[in-house]
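Student: fold the following and give me the result.
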Amino acid sequence: MKVIEFLRGGPAGNGEWRYELGRELHGAFGGANGGVVGAVCVNAARSLAPGRAPASLDVRFIRGLTEGAARVVPVLLHEGRTLSVISVDIFDARNRLCTRATVSLANLEALEPFEHAGFAGAPGGWKSYADGKAWAKPPGLEVPLIDTFAPRLVGNDVRGYATAVKVLWDEAGTCAEAACIAADISVGPPVGAALGGKQIPIPNPDLTLRFCAEPPLPETMISACRLEHISRGIASTRIEVWAGAHLAAIGVSTTTLLAGAWPDARKPKS
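Tutor: Coordinates of the predicted model:
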């Protein structure tokens, strides 16, 4: 299966795209999972830079993207010898702006083919997906993505909470889209663990990724997310996404700790 088939996307004319994002791709906060939305942004941006490799994603989740048709509008901001820079806006079925992103894609033929493994080193001690701990479903709270991507906790170390998720397509060259999903899903555990059992809604309104490699697409990807700081109800996290032994992406995300009760429709029930 190709990633665009999984996301049920296709051209809609006038340079726009249409994606049908079902309820099974929703998280805990009444909209499509942010990683899925990020994957849509990367996927749509590719259409304006064929043959170029995703290098970065900066995405802001303005409001929840509800179930149904999403109108996606990629715009080429700059096509340089080295980089193409593309903005992507996503509108819901009511034509409300839900997401604004910037995606950069690199012309690898214009770059020196130099390789360096970096200095962080490969992770060790993480469990296999089969031996990981399946995410529990919060009592009384519907989180469809748990059934869809089957996230499992496979480690907790200096890199943070390591969460493995299934990759549900088999198209080569699409690790960037898979990394988006793994990264966003991994943001919740370290922030939630810091709350000490307090039932506080913790959506993340943004995601920033830098894509490091394009390894063979694995059946599962692991994202390690580390809580760096919480102040004034704003949490900052650091992210690493791994495809097997290959570092696929690094990034950061913000999490907001919302005051007051959960919205009635999504409030956990004991």
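Student: check Ala245 and give its pLDDT.
Tutor: pLDDT recorded at Ala245 is 92.
Student: next one: Glu115 from Ile202, what distance?
Tutor: To Ile202, Glu115 is 38 Å away according to Cβ to Cβ, to the nearest Å. Any C-beta I mention is one placed from the backbone N, CA and C, and that applies to glycine too.
Student: helices of the protein, start to end?
Tutor: With DSSP state H as the definition, the chain shows helices at residue ranges 3-6, 34-46, 144-149, 175-186, 188-194.
Student: Pro218: which of these is closest?
Tutor: Taking Cβ to Cβ, helix 175-186 is the member of those nearest to Pro218, at 8.2 Å.
Student: between that closest one and helix 34-46, how many degrees?
Tutor: Here helix 175-186 runs at an angle of 160 degrees relative to helix 34-46 (axes from the mean of the first three to the mean of the last three Cα atoms, to 10 degrees).
Student: which helices and strands sit right next to helix 175-186?
Tutor: On a contact count with 3 or more Cβ pairs under 8 Å, 6 or more residues apart in numbering; DSSP states H and E, helix 175-186 meets helix 34-46, strand 53-61, helix 144-149, strand 160-166, strand 206-211, strand 220-231, strand 234-243, strand 246-256.
Student: using CSV, write down the CA coordinates of it.
Tutor: Extracted as CSV, the C-alpha positions of helix 175-186 are listed here (Å, rounded to 0.1, in the frame of the first residue of the first chain):
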residue,chain,number,x,y,z
CYS,A,175,10.0,7.2,6.2
ALA,A,176,9.3,10.9,6.6
GLU,A,177,5.6,10.4,6.7
ALA,A,178,6.0,7.5,9.1
ALA,A,179,8.3,9.5,11.3
CYS,A,180,5.6,12.2,11.7
ILE,A,181,3.1,9.8,13.1
ALA,A,182,5.6,8.1,15.4
ALA,A,183,6.9,11.4,16.7
ASP,A,184,3.5,12.9,17.5
ILE,A,185,2.2,9.8,19.2
SER,A,186,5.3,9.7,21.5
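Student: what angle sits between that helix and strand 234-243?
Tutor: 140 degrees.
Student: please shift the residue numbers so they start at 114 in all later answers.
Tutor: From this message on, residue numbering opens at 114, which makes the last subject helix 288-299.
Student: and helix 288-299, which residues are buried?
Tutor: The neighbour-count check on helix 288-299 (16 or more other Cβ atoms under 10 Å) flags 288-299 as buried.
Student: ok so, going back, higher neighbour count, Glu228 and Ile315?
Tutor: Neighbour comparison, Glu228 and Ile315: the larger count goes to Ile315, with 19 against 5 (by other Cβ atoms under 10 Å).
Student: ok so, going back, which of the helices and strands packed on helix 288-299 sits most buried?
Tutor: Most buried of these by mean neighbour count (mean count of other Cβ atoms under 10 Å) is helix 147-159; its value is a mean of 28.
Student: which of the buried residues of helix 288-299 lies closest to Leu196?
Tutor: Ala289 (14.7 Å).
Student: report pLDDT for that closest one.
Tutor: As predicted, Ala289 sits at a pLDDT of 97.
Student: what residues are up against the residue lying closest to it once chain neighbours are set aside?
Tutor: Leaving aside its sequence neighbours, Ala289 sits nearest to Pro167 (Cβ to Cβ, 6 or more residues apart in numbering; 3.9 Å). Applying Cβ atoms under 8 Å, 6 or more residues apart in numbering to Pro167 gives the contacts 155, 158-159, 216-219, 289, 324.
Student: hmm, 6 Å instead?
Tutor: 155, 218, 289, 324 (Cβ atoms under 6 Å, 6 or more residues apart in numbering).
Student: Lys246 pairs with what?
Tutor: Leu266 (DSSP bridges).
Student: looks like it contacts Gly268 (just checking).
Tutor: No - the pair Lys246 and Gly268 does not pass the contact test of Cβ atoms under 6 Å, sitting 10.0 Å apart.
Student: more neighbours, these two?
Tutor: More crowded of Lys246 and Gly268, by other Cβ under 10 Å: Gly268, with 18 against 11.
Student: contacts only, for that one.
Tutor: So, once contact is read as Cβ under 6 Å, 6+ apart, Gly268 ends up touching 239, 275.
Student: if I look at it, how far off is Asp260?
Tutor: Remark: distance between Gly268 and Asp260 (Cβ to Cβ) = 23 Å.
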